[in-house]
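Colleague: I'd like to go over a predicted model; first the sequence, then the structure.
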Amino acid sequence: MTGVRVAVAAVVGGLVMFLCGAVLHVGLELETRTIGVSSSETQLRQLLAVQAHPPGFYAFPSLPAELESAPKAVAQYEQEWMRGPSGILLVAPTGEASMGPVQLLGELFCNIAACALACLLLISQGNASFVRRLFGFLLLAPVSTLTLTASHVLWYRFPQQFAVDGLWVALVEWSLAGLVMAWILCGRHRVMGEPATLP
């Protein structure tokens with residue numbers, strides 16, 4: 001029964017999280033609103049087409065090949081970076097839809113997998129009340145933001161508003177999905193403060 005409840009909680013929680021993400025990203029444009037539009041978009045796309053950049057993640061200026069053994073190269077790189085313009089470029093595969101089955105089904109799978117891992121983490125701590133389980137799910141929002149989104153801001157210079165939006169998205173997703181999952185995991189023990197048992 002424990003495995004069934006975890007599986008049901010993970011699937012339902014993942015679906016709730018997926019729908020929340022769709023509303024927050026598409027409807028309210030959280031995170032996506034930080035993506036700017038270049039006035040030189042046409043020229044940039046033509047340049048990339050001519051040079052035939054394969055799909056990948058590019059940084060400019062480029063990092064020295066051997067950071068530790070070439071201090072002068074590192075110093076020159078830092079000067080080039082500070083002089084600017086500097087940044088990153090992500091080239092997507094040609095012919096692939098921007099929002100196709102791979103992205104949608106992949107997102108849903110990742111949401112369900114994340115919820116499954118969260119359920120396993122919380123039930124491994126033993127019996128807990130509905131409120132404590134919900135609080136445990138809520139804590140995953142700042143944890144994910146601090147360990148992933150914050151690093152993107154610090155190292156890849158993502159806009160700070162992107163991190164703020166990401167935190168709001170995570171809070172809403174984990175609160176609503178966590179509410180459902182905590183309710184499923186607790187079974188009939190849904191009274192505040194009453195320990196939840198998983199038979």
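Modeller: Structure's in. What do you need? Numbers count the residues shown, from 1 in each chain.
Colleague: mind listing the helices for this protein?
Modeller: Applying DSSP state H to the chain gives helices spanning 2-22, 41-51, 71-83, 101-123, 130-144, 150-156, 160-186.
Colleague: so, low pLDDT: which residues of the chain?
Modeller: Along the chain, segments meeting pLDDT under 70 span 1, 66-69, 125, 187-199.
Colleague: who's sitting farthest from the centroid in it?
Modeller: The centre of the chain is farthest from one residue, Lys72, which by CA atoms, centre = their mean lies 36.5 Å away.
Colleague: that older thread, return the most buried member of the helices of the chain.
Modeller: Greatest average neighbour count among those goes to helix 160-186 (a mean of 20), per mean count of other CB atoms under 10 Å. Quick note: C-beta positions are derived from backbone N, CA and C, even for glycine.
Colleague: could you give the angle of it to helix 2-22?
Modeller: Angle between the axes of helix 160-186 and helix 2-22 is 150 degrees (criterion: axes from the mean of the first three to the mean of the last three CA atoms, to 10 degrees).
Colleague: any idea of the angle helix 160-186 forms with helix 130-144?
Modeller: 150 degrees.
Colleague: now the angle from helix 160-186 to helix 101-123?
Modeller: Here the directions of helix 160-186 and helix 101-123 differ by 60 degrees (the same axes, to 10 degrees).
Colleague: just how off-centre is helix 160-186 within its chain?
Modeller: 12 Å (CA atoms, centre = their mean, to the nearest Å).
Colleague: surely Leu48 and Ala92 touch.
Modeller: No. Contact criterion CB atoms under 8 Å: Leu48 and Ala92 do not qualify, at 10.5 Å.
Colleague: what sits closest to Gly56 if chain neighbours are left out?
Modeller: Excluding its sequence neighbours, the residue lying closest to Gly56 (CB to CB, 6 or more residues apart in numbering) is Val91, at 5.8 Å.
Colleague: then Tyr77?
Modeller: That would be Pro64: by CB to CB, 6+ apart, it lies 5.5 Å from Tyr77.
Colleague: next one: phi and psi at the one you found?
Modeller: Per-residue torsions, Pro64: phi -60, psi 150 (degrees, to the nearest 10).
Colleague: sorry, back to before: for the residue nearest to Gly56, what are its contacts?
Modeller: Taking CB atoms under 8 Å, 6 or more residues apart in numbering, we find Val91 in contact with 48, 53-56, 58.
Colleague: export stretch 29-41 as CSV, just CAs?
Modeller: The C-alpha coordinates for stretch 29-41 follow below in CSV (Å, rounded to 0.1, in the frame of the first residue of the first chain):
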residue,chain,number,x,y,z
GLU,A,29,5.1,34.9,-18.1
LEU,A,30,7.1,34.3,-15.0
GLU,A,31,10.8,33.7,-15.9
THR,A,32,10.0,34.0,-19.6
ARG,A,33,9.4,37.8,-19.2
THR,A,34,13.1,38.2,-18.5
ILE,A,35,14.1,36.9,-22.0
GLY,A,36,14.8,40.0,-24.1
VAL,A,37,14.7,40.6,-27.8
SER,A,38,17.7,41.7,-29.8
SER,A,39,17.4,44.4,-32.3
SER,A,40,20.0,42.6,-34.4
GLU,A,41,18.2,39.2,-34.3
